[in-house]
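Asker: Output the structure for:
(2 chains)
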Amino acid sequence: EAQVTQNPRYLITVTGKKLTVTCSQNMNHEYMSWYRQDPGLGLRQIYYSMNVEVTDKGDVPEGYKVSRKEKRNFPLILESPSPNQTSLYFCASSLFPRGYGYTFGSGTRLTVV
Amino acid sequence: GESVGLHLPTLSVQEGDNSIINCAYSNSASDYFIWYKQESGKGPQFIIDIRSNMDKRQGQRVTVLLNKTVKHLSLQIAATQPGDSAVYFCAEALGSGGYQKVTFGIGTKLQVIP
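Answerer: Alright, predicted model coming up:
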């Protein structure tokens, strides 16, 4: 089944403890992106990747890191999580960076205390 | 996604009726538009898209209308079913070179009354 897989689905962590949210797609998509979703704000882009080893900042990149060493994987790294990073996170991919809708993962609900 | 639906505009529709969900987009230069459906606890799901050189596109039970003059997008769902209950949001994309900048709307919550 064609899909974007995120792990974990739920995560509660403490301020300052490094964490990684994994994202993997099995559709050979070139483009991958991370979004956070907060009530009243909609989806906001954190980082995106046009292809392997090509990443760039989205609208809200502060406090996050990403890497794209393989086409299928695009992990999101929070080096020192803070409470304002409590949110619902989605990974998305598309065949090409332009002119295509996204396939989204099921989401990761992160709580930082 | 449980908290996504809070404080959103809500449209309540009787089962079997048609639903019309509206969206105002912001950039007149946007050249690609997409509608997504997000059910509680799930990620957004692609429904239908339309390019700026079109004003209407039909899918299975869904139709998207684009009015570039007033920067308005609508999603029509025919014969609404309980499974259509979800948050629906539009996205506008502005292409530049090989990349498109996508901006998502806040969304509208559709409640289907059995």
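Asker: Now residue 79. Nearest residue, chain neighbours left out?
Answerer: You didn't pick a chain, so chain A it is. In space, and not counting its chain neighbours, A:E79 is closest to A:K18: 5.5 Å by C-beta to C-beta, 6 or more residues apart in numbering or on different chains. (Glycine included, C-beta is placed from N, CA and C.)
Asker: you looked at the wrong chain, it should be chain B
Answerer: Distance criterion C-beta to C-beta, 6+ apart; nearest residue to B:A79, sequence neighbours excluded, is B:G16 at 5.8 Å.
Asker: Before we go further, that neighbour is sitting in a strand, right?
Answerer: No: B:G16 is assigned coil when assessed by DSSP: H, G, I helix; E, B strand; the rest coil, not a strand.
Asker: and it, how far is that from B:T80?
Answerer: As defined by C-beta to C-beta, to the nearest Å, B:G16 lies at a distance of 7 Å from B:T80.
Asker: So if I had to pick from these two, which one is more boxed in?
Answerer: For B:G16 versus B:T80, neighbours defined as other C-beta atoms under 10 Å in any protein chain shown are more numerous around B:T80 (22 against 12).
Asker: pretty sure that one is in a helix, no?
Answerer: No: read with three-state DSSP, B:T80 is coil and lies in no helix.
Asker: if we can go back for a sec, pretty sure the residue nearest to A:E79 contacts A:K65?
Answerer: No: the pair A:K18 / A:K65 is not scored as a contact, 10.0 Å apart, by C-beta atoms under 8 Å.
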